[in-house]
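Peer 1: here is a sequence together with a model predicted from it:
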Amino acid sequence: MTNTQPNKMRGGKQMGKIKVVHYINQFFAGIGGEEKADYKPEVREGIVGPGMSLNAGFKGEAEIVATVICGDSYFNENLETAKQEVIEMIKKYKPDLFIAGPAFNAGRYGVACGTITDAVQKELGIPALTGMYIENPGADMFKKSVYIISTKNSAAGMRDAVGKMVPLALKIAKGEQLGSPEEEGYISRGIRKNYFAEKRGSERAIEMMLKKLKGEDFVTEFPMPDFDRVKPNPAVKDITKAKIALVTSGGIVPKGNPDHIESSSASKYGKYDIEGFENLTSETHQTAHGGYDPVYANEDPDRVLPVDVLREMEEEGKIGSLHRYYYATVGNGTSVANAKAFASTFAKELVADGVDAVILTST
Amino acid sequence: MVKEIERAGIPAVHMCTVVPISLTVGANRIVPTIAIPHPLGNPSLDPAEEKTLRRKLVERALKALSTEVDGQTVFEE
């Protein structure tokens, strides 16, 4: 046979088009929004949704052969099973490269993308990458183990994300040397690479210090890790005497959402009086959260904010009292800076009101 | 938010379904819950059973608040 010329030679290895499997959630697959977030993993031959622009970006060098789709809630509520199901689906296609997302600032999607990218890399030994916004919880969880392209915080940044994901994806699939996180657009993994600098360390340090003294900008060569951890407070001595307050990021608000807390990217929180409420009902309360299927919380808001049970325990003397006010916001794409500011403000009130302990519920 | 409450000196327990997120955020006392859209409930149970389930979870949260911890601790059953 003479007509079997390899179309490309890479590192002496015969290689055709790079085979890619892509992972997306139910939303980007066009299956549905929150009401479909419990969608079980499914694999489809070929390209679905955002895979189109990735595939176009590959310009024939690589091709998406299959797309795995999974609902965000299903994945997060069944992490281990979902991971294994998805891995099995990917394995069958023997891809050269795996791409998940981009997930932007969608928290559950980001956790799914990070989990599966990490697993593909570790369990299947296939080069993999994903993309998400720096504040996505999936970024903090997986930035050390996988390449995560730093994207904007919403799908409006798709073009920008694809523009960065395509070149890095091709490079890692071909096993090429990668540049620094700044050059390649991925979130720093905290890996140090040795290189020869033109100036020695002492000179560079003095230059930096002079710049700092003059108040000029400088780039550190060793950023201090940002460990924002708070030591646990001592336990409550006697819970039957304690005043307990409820706080939620699940968006439970009085019916009609009087403070107009946004369904995503909340800019505020609410403080609500529950004196006299034996429990929360669909008549009195609702959720303002746009990041999960609201049906169950609207039907019975106690499913997110357990006022009924705490009221009961208050009467039985199992707790001292339930604090008169609860605090609520919507934790859906809400920036860390906002959440921090909300809580540091109302925590002062909780202290002033003599609250002994807080139960914070999240959806 | 859970961290800011702790920082202010009040012990806080985080009740949530996706425990890895809570661990990343830095909650110290964590109680895993039922599902994302109904952490403290289960619509497939009848109302009485559902309330019993919720009570059990809240009791676990109160137990977590009454337990001294060194670092991040997940209170499973």
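Peer 2: Perfect, I can see it now.
Peer 1: around chain B, pick out the residues from the stretch 101-250 of chain A.
Peer 2: Counting by C-beta under 8 Å from any C-beta of the partner chain, the stretch 101-250 of chain A comes close to chain B at A:107-108, A:111, A:137, A:140-141, A:228-237, A:239, A:242, A:244, A:247, A:249-250. For every residue, glycine as well, the C-beta is placed using N, CA and C.
Peer 1: quick one, which of those are buried?
Peer 2: For those, a neighbour count by 16 or more other C-beta atoms under 10 Å in any protein chain shown gives the buried set as A:107-108, A:111, A:137, A:140-141, A:230, A:232-233, A:235-236, A:239, A:242, A:244, A:247, A:249-250.
Peer 1: OK, contacts around the residue nearest to the spatial centre of chain B?
Peer 2: Centroid-nearest residue in chain B: B:Met15, 2.3 Å away (criterion: C-alpha atoms, centre = their mean). B:Met15 makes contact with A:359-362, B:30-31, B:33, B:39-40, B:57, B:61 under the criterion C-beta atoms under 8 Å, 6 or more residues apart in numbering or on different chains.
Peer 1: adjacent strands (with direction) for the helix or strand hosting it?
Peer 2: For B:Met15, the element it lies in under DSSP states H and E is strand B:12-16. Taking DSSP bridges as the criterion, strand B:12-16 forms sheet pairs with strand A:357-361 (parallel), strand B:29-32 (parallel).
Peer 1: in chain B, where's the longest helix?
Peer 2: Scanning chain B for the helix with the most residues, using DSSP state H, yields helix B:47-65.
Peer 1: give me the three-state assignment for A:Glu216.
Peer 2: The three-state assignment at A:Glu216 reads coil, by DSSP: H, G, I helix; E, B strand; the rest coil.
Peer 1: domain ranges for chain A?
Peer 2: Annotated domains of chain A cover A:14-184, A:239-361 [automatic domain parsing].
Peer 1: closest one to B:Pro47 among those?
Peer 2: domain A:239-361 (8.3 Å; C-beta to C-beta).
Peer 1: about what we covered before: is the residue nearest to the centre of chain B bridged to anything, and to what?
Peer 2: B:Met15 has these beta-bridge partners by DSSP bridges: A:Thr361, B:Val31.
Peer 1: please enumerate the strands of the stretch 101-250 of chain A.
Peer 2: All strands of the stretch 101-250 of chain A, identified by DSSP state E, counting those that start in this stretch, fall at A:128-133, A:147-151, A:243-248.
Peer 1: low-confidence ranges, chain A, go.
Peer 2: For chain A, the stretches with pLDDT under 70 are A:1-15, A:225-227.
Peer 1: helices along that one, start to end?
Peer 2: Assignment of helices within chain A using DSSP H yields the ranges A:51-58, A:72-77, A:79-91, A:107-119, A:137-142, A:158-174, A:181-184, A:201-214, A:295-299, A:307-315, A:336-352.
Peer 1: hey, which of those helices is tucked in deepest?
Peer 2: Burial of the helices of chain A is given as mean neighbour count (mean count of other C-beta atoms under 10 Å in any protein chain shown); helix A:107-119 ranks first at a mean of 26.
Peer 1: so which of the strands of the stretch 101-250 of chain A is the most surrounded?
Peer 2: strand A:128-133 (a mean of 29).
Peer 1: tilt between that one and helix A:158-174?
Peer 2: Angle of strand A:128-133 versus helix A:158-174, following axes from the mean of the first three to the mean of the last three C-alpha atoms, to 10 degrees, is 160 degrees.
Peer 1: for strand A:128-133, name the packing helices and strands.
Peer 2: With contacts defined as 3 or more C-beta pairs under 8 Å, 6 or more residues apart in numbering or on different chains; DSSP states H and E, strand A:128-133 has these neighbours: strand A:97-100, helix A:107-119, helix A:137-142, strand A:147-151, helix A:158-174.
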